[in-house]
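# sequence-free structure coming up:
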């Protein structure tokens with residue numbers, strides 16, 4: 001069992017070590033290049049491109065229907081995802097997506113720790129973008145720290161103004177793109193530009209602009225460390241078999257400057273590969289020192305791996321002093337035992353993957369069997385049944401029809417399982433035909449009269465003769481109390 005350290009600053013002070021930057025105040029990370037940094041840039045481009053482009057994609061759904069590929073239509077209480085249309089009654093599908101996403105997050109954690117946080121979390125993506133803007137304008141870490149402590153010159157004022165102006169531009173684009181998911185994107189863009197958009201649209205854009213500007217520009221690592229609940233769960237779900245960014249202290253200790261380490265190795269004395277350059281701390285977007293052990297705030301981004309590998313290459317030492325490795329392998333190295341290999345397939349990951357597949361299969365089955373014509377019935381309560389003068393029994397039902405198709409249709413209501421029944425529908429046309437507009441929902445009263453000696457199960461059926469689509473709901477035909 002591994003407890004994630006949440007008190008590194010206090011421990012460092014007791015040991016006489018300098019505190020990690022994240023414990024001192026605002027984190028100013030240094031730029032770094034390497035394999036994991038390139039992967040993060042690729043993820044940033046992909047995520048931002050997807051976010052900004054999705055609401056602009058078109059999808060032909062026929063005349064009179066929205067042609068936006070991804071649309072959350074709050075006015076008509078429906079959602080469109082390319083060829084899929086979701087209604088409020090499809091809440092089970094939304095629930096399935098949320099449960100599957102939760103299991104997916106736990107599965108990723110079992111495989112490689114907080115990989116989501118380091119590469120795909122919106123807070124990480126937008127913070128990386130804001131940091132890129134800051135570096136382009138103010139310089140890298142040392143230059144930014146020097147300017148922050150230096151005098152406020154005209155050039156400094158211009159730099160600060162340009163940085164915040166670009167931050168606000170990105171924040172406005174972020175808020176505007178979010179609003180485009182809820183109404184027709186081209187129409188809203190024109191309305192926002194001309195001042196003709198609804199006040200709610202401007203309010204949504206302003207709210208998202210403010211949150212993006214504050215969280216990505218100012219709060220940054222504080223969101224990941226203190227505001228997000230995910231780090232607090234790490235003690236409960238930390239998996240020593242999962243890949244996580246770790247410092248191989250069995251190889252790195254004792255820490256010595258490069259020249260002193262060479263001298264000690266020449267004498268046959270032990271010397272660690274870590275030269276205590278603190279580059280791993282300088283590039284960390286959270287400002288922690290990974291050499292102090294597992295940390296609940298680490299987002300597993302791998303930037304410290306790139307920084308350390310660069311230093312190892314310069315001093316002609318093997319790479320991987322800081323690396324993605326299971327914690328059980330780090331402990332095995334420390335004990336001098338062979339390090340166990342990381343395994344993708346093990347009972348925990350297989351069980352989580354099976355759960356996700358089961359939920360996905362159930363959702364696919366639900367989508368495959370659902371119909372765009374829905375019928376729901378509620379049996380009369382008082383009286384539940386009436387005995388007519390001719391000896392027949394009459395039952396009444398409140399029947400609700402919903403047309404989920406994109407076109408008008410006419411359906412016929414009938415009752416099955418009741419031989420010799422006479423069915424009438426109040427408000428229907430001849431032959432119990434009911435007209436339904438696209439997206440319409442109607443509630444009608446159906447009355448069934450039939451000779452009956454025992455109560456029986458029946459089904460109320462709504463059928464569209466033109467398309468052959470039918471939907472049914474189970475109910476019961478009751479007898480009067482004797």
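Alright, I've got the coordinates. These figures come from a predicted structure and were not determined experimentally. Numbering: from 1, shown residues only.
# in whichever strand or helix holds residue 92, what's buried?
Per DSSP states H and E: residue 92 is located in helix 91-112. Taking 16 or more other CB atoms under 10 Å as the basis for neighbour counts, the residues of helix 91-112 that come out buried are 93, 96, 100, 103-112. Every C-beta, even on glycine, is put in place using the N, C-alpha and C of the backbone.
# from the residues you listed, which two are the most distant?
The largest separation in these, counting by CB to CB, is between 93 and 112 at 28.6 Å.
# Would you confirm that residue 273 belongs to a helix?
No - secondary structure assignment places residue 273 outside any helix; it is coil (DSSP: H, G, I helix; E, B strand; the rest coil).
# Pull the contacting residues for it.
251, 252, 261, 312, 317, 318, 321 (CB atoms under 8 Å, 6 or more residues apart in numbering).
# Now neighbour count and secondary structure too, for those residues, in a markdown table please.
As requested, those are exported to a markdown table (neighbours: other CB atoms under 10 Å; DSSP: H, G, I helix; E, B strand; the rest coil):
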| residue | neighbour count | secondary structure |
| --- | --- | --- |
| 251 | 16 | helix |
| 252 | 17 | helix |
| 261 | 21 | helix |
| 312 | 18 | helix |
| 317 | 19 | coil |
| 318 | 10 | coil |
| 321 | 23 | coil |
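# Quick check: the farthest pair among these?
Based on CB to CB, the longest span within these runs between 261 and 318 and measures 13.5 Å.
# buried sites along the longest helix along the chain?
When every helix of the chain is counted residue by residue (DSSP state H), the longest turns out to be helix 154-179. Judged by neighbour count (16+ other CB under 10 Å), helix 154-179 contains these buried residues: 159, 163, 166-167, 170-179.
# just those residues now: which is nearest residue 342?
So of those, ranked by how close each gets to residue 342 (CB to CB), first place is residue 174, at 36.7 Å.
# Residue 129 is in contact with the closest one, correct?
No - here residue 174 lies out of contact with residue 129, judged by CB atoms under 8 Å, at a distance of 9.5 Å.
# shouldn't residue 99 be in contact with residue 359?
Yes - here residue 99 reaches residue 359: they are 5.9 Å apart, a contact under CB under 8 Å.
# so what's residue 162 up against?
Listed by CB under 8 Å, 6+ apart, the contact set of residue 162 reads residue 137.
# Number of residues surrounding the closest residue in space to residue 437 that isn't next to it in sequence?
Take residue 437 and drop its neighbours on the chain: the residue closest to it by CB to CB, 6 or more residues apart in numbering is residue 408, 5.3 Å away. Counted by other CB atoms under 10 Å, the residues lying close to residue 408 total 12.
# Run through the residues that contact residue 408.
Applying CB under 8 Å, 6+ apart, one finds that residue 408 lies in contact with 435, 436, 437, 438.
# How about residue 164?
For residue 164, the contacting residues are residue 217, by CB under 8 Å, 6+ apart.
# sorry, back to before: kindly list the main-chain dihedrals of the residue nearest to residue 437?
In this entry, residue 408 is assigned phi and psi values of phi -70, psi 150 (degrees, to the nearest 10).
# cool, and the one 3 residues further on?
For residue 411, the backbone dihedrals (degrees, to the nearest 10) come out as phi -120, psi 150.
# what pLDDT, on average, does the helix holding residue 92 get?
Model confidence over helix 91-112, given as mean pLDDT, is 92.
# centre of the chain versus that helix, how much separation?
9 Å (CA atoms, centre = their mean, to the nearest Å).
# Give me the helices and strands touching the helix or strand following it, please.
Where DSSP H and E defines the elements, the next helix or strand beyond helix 91-112 is helix 115-119. The helices and strands touching helix 115-119, judged by 3 or more CB pairs under 8 Å, 6 or more residues apart in numbering; DSSP states H and E, are helix 35-53, helix 91-112.
# Which other helices and strands does the helix or strand following helix 115-119 contact?
Proceeding C-terminally, helix 115-119 gives way to helix 122-138 as the next helix or strand, assigned by DSSP H and E. Other helices and strands packing on helix 122-138, by 3+ CB pairs under 8 Å, 6+ apart, are helix 35-53, helix 141-149, helix 154-179.
# Out of these, the one nearest residue 350 is which?
Across the helices and strands packed on helix 122-138, the minimum distance to residue 350, taken as CB to CB, is reached by helix 35-53, at 26.2 Å.
# so can I have TSV of the contacts of residue 273 showing distance to residue 353 and pLDDT?
Formatted as TSV, these follow (distance: CB to CB, whole Å; pLDDT from 0 to 100):
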residue	distance to residue 353	pLDDT
251	33	92
252	35	91
261	45	87
312	35	95
317	38	93
318	34	94
321	32	95
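# out of those, who's nearest residue 211?
Sorting those by distance to residue 211 puts residue 321 at the head of the list, at 38.4 Å, by CB to CB.
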